[in-house]
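1. Need coordinates for the following:
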Amino acid sequence: MRRDMNKVIVERPRRPGFDTHSRARPQDLDLQVSHEGMRAPHVRHWGGKELNENLAPLLRFLGSRVGRVWNDVFSEICENIRITSTVQKHVRDHIAHMVATRVWIDDAGNPWNMAGSPRKLSQQGYIKYWVDPRDGILKLNTAKSYRQRNRETQAERLRDAYSRSRSLPGGIELRLLHGIWYQVSIETIPESTQRSYTRADGTVRTWETGGSAYDVILEAQVQRSRYRGSPNTYCASKRQLSGAELRRYGVANQ
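-> Numbers count the residues shown, from 1 in each chain. Okay, here's the model as predicted:
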């Protein structure tokens, strides 16, 4: 391990670390406190500085030591990182987040991280490495990251949606419900409107109506989205396809 690893990791400036004085105190003098510490204005409303380490060199070092005894690897790390230094000790704190050292192997051979709430390492993609308790060897955690699992989930949803719907020429929309294909009519979810009335005491009560519709395929009430670009459509009605239509559209009931 390089001797200046602690400097390489913390070489980035802390964030935000800028423009703290301009927003340190409120503009209204009546809102200012009578007594306040020097650091308090800079950390109010998350305006204080935060650590911003460059952890890539540390990850590369641990990756180069995969297959070696963890005690030897950790001894090599401790040679150049002193716990008496706050900055250098912070490097060792990151190692505890990257390497699972308290590991238990179940009867099926699956490693479990026993630090905190026990969880399978296959479900913790943010932990890159783990120490095998059987031989003390540093090993790579092959669990998928959150982004990988999210991409696979999205792809699975798209495949499932395609298997349950068809958009044919002429504006014909087909949907699969409980194993039966239907031709549905797509309509736009109505916008919400505000209604109000005056009570006997003179106060005015206002509430919103609309903005939702019942989807006959989802069999649930759907709300109109406020995000720009959302289709805001729903299946207003459905009609079961005949045998001739099933053959014509190339689909089959399950």
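
2. Doesn't Lys238 lie inside a strand?
-> Yes: per DSSP: H, G, I helix; E, B strand; the rest coil, Lys238 lies within a strand segment.

3. isn't Gly210 right up against Ser192?
-> Yes: using CB atoms under 8 Å, Gly210 is in contact with Ser192, at 4.6 Å. Bear in mind the C-beta positions are built from the backbone N, C-alpha and C, glycine included.

4. Give the buried residues for stretch 157-175.
-> Arg166, Glu173, Leu174, Arg175 (16 or more other CB atoms under 10 Å).

5. How about stretch 100-114?
-> Ala100, Thr101, Val103, Pro111, Trp112, Asn113.

6. which SS class is Leu246?
-> helix.

7. Asp30 now?
-> With three-state DSSP as the criterion, Asp30 reads helix.

8. So what's the residue count around it?
-> Asp30 has 5 neighbours, counted by other CB atoms under 10 Å.

9. Return the residues in contact with it.
-> Going by CB atoms under 8 Å, 6 or more residues apart in numbering, Asp30 touches no other residue.

10. okay, the buried residues of stretch 100-114 in CSV with distance to Leu140 and secondary structure next?
-> Listed next are those as CSV, based on distance: CB to CB, whole Å; DSSP: H, G, I helix; E, B strand; the rest coil:
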residue, distance to Leu140, secondary structure
Ala100, 11, strand
Thr101, 15, coil
Val103, 13, strand
Pro111, 12, strand
Trp112, 17, strand
Asn113, 14, strand
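
11. Show me which pair in these is furthest apart.
-> Thr101 and Trp112 (12.6 Å; CB to CB).

12. from what I can see Arg102 touches Gly116, true?
-> No: using CB under 8 Å as the test, Arg102 is too far from Gly116 to be in contact (9.1 Å).

13. quick one: the strands in the protein?
-> Using DSSP state E, the strands found in the chain span residues 99-100, 103-105, 111-113, 119-120, 129-131, 138-140, 165-168, 172-177, 180-188, 193-198, 204-209, 212-215, 220-223, 233-240.

14. For the ones you listed, please prepare JSON lines with the additional fields distance to Ile81 and mean pLDDT.
-> Below are the strands of the chain laid out as JSON lines (distance: least, CB to CB, whole Å; pLDDT from 0 to 100):
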{"stretch": "strand 99-100", "distance to Ile81": "14", "mean pLDDT": "92"}
{"stretch": "strand 103-105", "distance to Ile81": "23", "mean pLDDT": "93"}
{"stretch": "strand 111-113", "distance to Ile81": "23", "mean pLDDT": "92"}
{"stretch": "strand 119-120", "distance to Ile81": "28", "mean pLDDT": "88"}
{"stretch": "strand 129-131", "distance to Ile81": "17", "mean pLDDT": "93"}
{"stretch": "strand 138-140", "distance to Ile81": "17", "mean pLDDT": "93"}
{"stretch": "strand 165-168", "distance to Ile81": "57", "mean pLDDT": "87"}
{"stretch": "strand 172-177", "distance to Ile81": "59", "mean pLDDT": "90"}
{"stretch": "strand 180-188", "distance to Ile81": "61", "mean pLDDT": "91"}
{"stretch": "strand 193-198", "distance to Ile81": "62", "mean pLDDT": "81"}
{"stretch": "strand 204-209", "distance to Ile81": "59", "mean pLDDT": "79"}
{"stretch": "strand 212-215", "distance to Ile81": "58", "mean pLDDT": "88"}
{"stretch": "strand 220-223", "distance to Ile81": "53", "mean pLDDT": "85"}
{"stretch": "strand 233-240", "distance to Ile81": "58", "mean pLDDT": "91"}
